[in-house]
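> Quick one: sequence plus predicted model below, questions after.
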2 protein chains.
Amino acid sequence: MEKKESTTIDVAETSKEMKGKAPLSGATVEHARGGYKRGLAIFDLILRISAFTSALAATVAMGTTEQTLPFFTQFFQFQASYDDLPTFSFFVIAMAIVTSYLILSAPFSIVCIARPLAVGPRLLLIIFDTVMVTLTTSAAGSSAAIIYLAHNGNSAANWLAICQQFDDFCQRISGAVVAASITVVLLIFMVVLSAVALRKH
Amino acid sequence: MEKKESTTIDVAETSKEMKGKAPLSGATVEHARGGYKRGLAIFDLILRISAFTSALAATVAMGTTEQTLPFFTQFFQFQASYDDLPTFSFFVIAMAIVTSYLILSAPFSIVCIARPLAVGPRLLLIIFDTVMVTLTTSAAGSSAAIIYLAHNGNSAANWLAICQQFDDFCQRISGAVVAASITVVLLIFMVVLSAVALRKH
């Protein structure tokens, strides 16, 4: 009878030890994985702030562009503004949306730093980031096409280049498109980063 | 002595049962998760084939567009072709690249169906899909900007609309841009689908 009891106690101890060990090693792995994912989330926040800066720069540069030529005829003064061309108006609206999104999504990125293993915020970010990649690329691409036309003109369609006269105007809108392209590259990095953070090990 | 032996056997049996149960339930979960991810992978392949079709349609529609007007002067005949405008040449090149990528990436999508829990192929697909979203959007966006100009002209820059004369030409290139836009939407769905499949449960 005494022997049986001692056996039972032995068994109980062993099972306790086993139970104790399993969650412990699991926690260590979780912790290491959390640290790695937290690093990715911090990098995501830095990229997001950089993208916000370049998107804001693109919006402001395009939105404030205006040039009035120093000579004028009897009937009108030569003036170029971004809203003379609908494509540039679209650029300003699209980049304003992207800028707002980037600042509004920063809290979600901070949630990813605080809870590195949460899946919801990351999935939300990757979906909206992809949509914003499309919006920014379409704004940059369409404006680049018009700027190319303004620089070079097109003989087949009989469209003349206007950048000889409006050189300052053309330089500023080209700068805005470059800033938008930088935003596109940063957004792509953010999508890839989120994809890497989402994958299971 | 007899009692002790029986106890030992009992314990041995219990631990065997415990060992037997744990991998079994784990395998069931793995199996269910695999089935769910296989469904996503099959849907990804269907989307990929649809995107390939629309990208091919866009490339061919733009690449074969040409219109010769039925009247001509003493010096030249009026003719419009897609390569009169550099933006449309870029469109054809970009969409040809996207079409090739979509057909070359199909085997990776099939690997995802065969091995639903593999992470490598999915991560590769999501990264390249994002890059292709950018390429397709820039092609569609820049061409749309030029087509808008061809339809409406621009009084500020003194660019005249050419679609009154080249109506057939304008209709075909507009169709190509619509096909490219459909490709963009399908590619975005593919990125979101890969992100959902990558997340851990």
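Thanks, I have it.
> ok, which stretches of chain A are helices?
A:2-63, A:86-104, A:106-114, A:120-152, A:167-198 (DSSP state H).
> Of those, which stretch is the most buried?
Mean neighbour count, computed with mean count of other CB atoms under 10 Å in any protein chain shown, is highest for helix A:120-152 among these, reaching a mean of 23. The way it works is simple: take the backbone N, C-alpha and C, and place the C-beta from them, glycine included.
> Packing partners of it?
Identification of packing neighbours for helix A:120-152 by 3 or more CB pairs under 8 Å, 6 or more residues apart in numbering or on different chains; DSSP states H and E yields helix A:2-63, helix A:86-104, helix A:106-114, helix A:167-198, helix B:86-114, helix B:120-152, helix B:167-198.
> now it and helix A:167-198, what's the angle there?
Interaxial angle of helix A:120-152 relative to helix A:167-198 (axes from the mean of the first three to the mean of the last three CA atoms, to 10 degrees): 160 degrees.
> Compute the mean per-residue pLDDT across helix A:120-152, please.
Averaged across helix A:120-152, pLDDT comes to 92.
> just to revisit the earlier point, output the helices of chain A in CSV; the columns should cover distance to residue B:168.
CSV is the format used below for the helices of chain A (distance: least, CB to CB, whole Å):
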stretch, distance to residue B:168
helix A:2-63, 35
helix A:86-104, 24
helix A:106-114, 49
helix A:120-152, 22
helix A:167-198, 32
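> Surely residue A:188 and residue A:133 touch.
Yes: applying CB atoms under 8 Å as the test, residue A:188 and residue A:133 come out as touching, 6.2 Å apart.
> what touches both of the two?
With contacts taken as CB atoms under 8 Å, 6 or more residues apart in numbering or on different chains, residue A:188 and residue A:133 have B:130, B:134 as neighbours in common.
> returning to that earlier point: mean pLDDT for the helices of chain A: which is lowest?
Confidence, taken as mean pLDDT, is least for helix A:2-63 of these (a mean of 71).
> one step back: now for the helices of chain A, which one comes closest to residue B:92?
helix A:120-152 (14.2 Å; CB to CB).
> Run the chain-centre distance for the closest one.
The chain centroid and the centroid of helix A:120-152 are separated by 10 Å under CA atoms, centre = their mean, to the nearest Å.
> Okay, angle between that helix and helix B:86-114 too, please.
Using the same axes, to 10 degrees, helix A:120-152 lies at 160 degrees relative to helix B:86-114.
> pLDDT at residue A:117, what is it?
82.
> Next, count neighbours for it.
13 (other CB atoms under 10 Å in any protein chain shown).
> my guess is it contacts residue A:33, does it?
Yes: if you go by CB under 8 Å, residue A:117 and residue A:33 touch, sitting 7.1 Å apart.
> Now residue A:154. Nearest residue, chain neighbours left out?
residue B:85 (6.2 Å; CB to CB, 6 or more residues apart in numbering or on different chains).
> ok, now residue A:66?
Nearest non-adjacent residue to residue A:66, counting by CB to CB, 6+ apart: residue A:81, 4.6 Å away.
> Next: residue A:197.
For residue A:197, the spatially nearest residue (CB to CB, 6+ apart) is residue A:40, at 4.5 Å.
> Residue A:95 now?
The shortest distance from residue A:95 to any non-neighbouring residue, by CB to CB, 6+ apart, is to residue A:59 (4.2 Å).
> so who does the one you found touch?
Contacts of residue A:59 by CB under 8 Å, 6+ apart are A:92, A:95, A:96, A:99, A:176.
> Name all residues that make contact with the residue nearest to residue A:197.
A:116, A:193, A:196, A:197.
> One more: residue A:147?
For residue A:147, the contact set (CB under 8 Å, 6+ apart) comprises A:170, A:173, A:174, A:177.
> so how far is chain B from the residue nearest to residue A:197?
Using CB to the nearest CB, to the nearest Å, residue A:40 is found at 13 Å from chain B.
> Then residue A:45?
19 Å.
> Wait, that residue touches residue A:107, no?
No: Residue A:45 is not in contact with residue A:107 according to CB under 8 Å; the separation is 10.1 Å.
> How about the residue nearest the centre of chain A: what's its closest non-neighbour residue?
Nearest residue to the geometric centre of chain A (CA atoms, centre = their mean): residue A:187, 3.1 Å. Distances taken as CB to CB, 6+ apart put residue A:133 closest to residue A:187, at 4.7 Å, once the chain neighbours are dropped.
> And residue A:63, by the same measure?
residue A:92 (4.8 Å).
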